[in-house]
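>>> coords below, sequence missing:
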């Protein structure tokens, strides 16, 4: 065996040993002073997308996915439990019951995360590219979209059966979004009765309808987006479940202004979203009050921009998952999990309810993410007690769910 071959064999053996070694369960980040926990033990496990409700209604359990199905993590005891087995797509957890909603083999189910009792909700509509991503506040309705063209759709070469969602962003995502937007496929937005399974179409368009999310408090208010490259669409909208009161949330005021990755405040009063004026140059987290129309903008520095943001239940703290230099902000040092403390500027001038209320985020770094590959988006969220920020990461190779304490370690 020559020297190079021996080196190659040793390297393969070392890599194999490393792959079998589980990452640490906990450590204090030397760059931030905050304690980090690995919550899951299954390689390939992941917390939910940032705007999906991923906590049980009683606030005691975190729902996460594994290659084998859906599991829970008890936030008090740290015990994990498998609650659904098989290839599924999680919708959300209920805000009223202890149920997790999901699709499997063309059917929507709900499983109680405590008792494991499972009930069938409804069959998915037999349509193309059907998606049901949200459940309303009182768990009486679900909502989704499909493409209306008798089977000949843009994604006709793809299986329409819901499977476990891919966690990795495709390298050609930008090109795909350009092509899908240009296709102007006829789409329908619909609701499904959780009691009877009745399907009602509430909106039709040739815009690309996506990212449906019910208000966490108003069971008749639904947020959705016109999907596509953000600089080419008016993205954020709301609609009532009877199809009325279609409202545009943000009006563009300059060329190349972009806004998106919208999410609800926990009290259902505010829609928060990433705003850039213009794209890649000046960064805000913007808020729109759905009751009063009042707008609040918090300013961020380039390195503090994050792919996703989130907010605590009481609205006093925000978090972000950062981004690498390949993201839209081109941040040279943005690979961090962030905590943000908001501050509104005191108005010493004219008062007008139509004015944007400006402020700033004071950032604190929680976790160094320089070893994380950002083709996997971390998708931050606060635990219900507001003590941890939960995220998913591949910093050790396979994907696991992690959490970092908001307070610094003593």
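Right, received. Where do you want to start? Model, not experiment: these values are computed from the prediction. Residues are numbered from 1 along each chain as shown.

>>> could you grab the helix/strand/coil label for residue 359?
strand (DSSP: H, G, I helix; E, B strand; the rest coil).

>>> what sits against the spatially closest residue to it that is not a sequence neighbour?
The spatially closest residue to residue 359, leaving aside those adjacent along the chain, is residue 344, at 4.0 Å (Cβ to Cβ, 6 or more residues apart in numbering). Glycine gets a C-beta too; all of them are placed from N, C-alpha and C. Residues in contact with residue 344 (Cβ atoms under 8 Å, 6 or more residues apart in numbering) are 296, 357, 358, 359.

>>> residue 344 and residue 406: what is the separation?
Distance of residue 344 to residue 406, given as Cβ to Cβ, to the nearest Å: 21 Å.

>>> same thing with residue 328?
For residue 328 relative to residue 406 (Cβ to Cβ), the value is 27 Å.

>>> circling back to that earlier point, take the contacts of residue 344 and write them to JSON lines, including neighbour count, distance to residue 188 and pLDDT.
Formatted as JSON lines, these follow (neighbours: other Cβ atoms under 10 Å; distance: Cβ to Cβ, whole Å; pLDDT from 0 to 100):
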{"residue": "296", "neighbour count": "18", "distance to residue 188": "34", "pLDDT": "98"}
{"residue": "357", "neighbour count": "15", "distance to residue 188": "37", "pLDDT": "97"}
{"residue": "358", "neighbour count": "14", "distance to residue 188": "39", "pLDDT": "97"}
{"residue": "359", "neighbour count": "18", "distance to residue 188": "39", "pLDDT": "98"}
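
>>> farthest-apart pair in these, please.
296 and 358 (7.9 Å; Cβ to Cβ).

>>> returning to what we had before: who has more neighbours, residue 328 and residue 406?
residue 406 (19 against 16; other Cβ atoms under 10 Å).

>>> isn't the more buried one right up against residue 386?
Yes. Taking contacts as Cβ atoms under 8 Å, residue 406 lies within contact range of residue 386: 6.9 Å.

>>> common neighbours of those two, please.
Common neighbours of residue 406 and residue 386, using Cβ under 8 Å, 6+ apart, are residue 317.

>>> which residues touch the residue nearest to residue 387 when sequence neighbours are not counted?
Distances taken as Cβ to Cβ, 6+ apart place residue 406 nearest to residue 387, at 5.8 Å, with adjacent residues excluded. Applying Cβ under 8 Å, 6+ apart, we find residue 406 in contact with 34, 317, 339, 366, 386, 387, 388, 389.

>>> with residue 260 instead?
Contacts of residue 260 (Cβ under 8 Å, 6+ apart): 225, 230, 235, 236, 273, 274.
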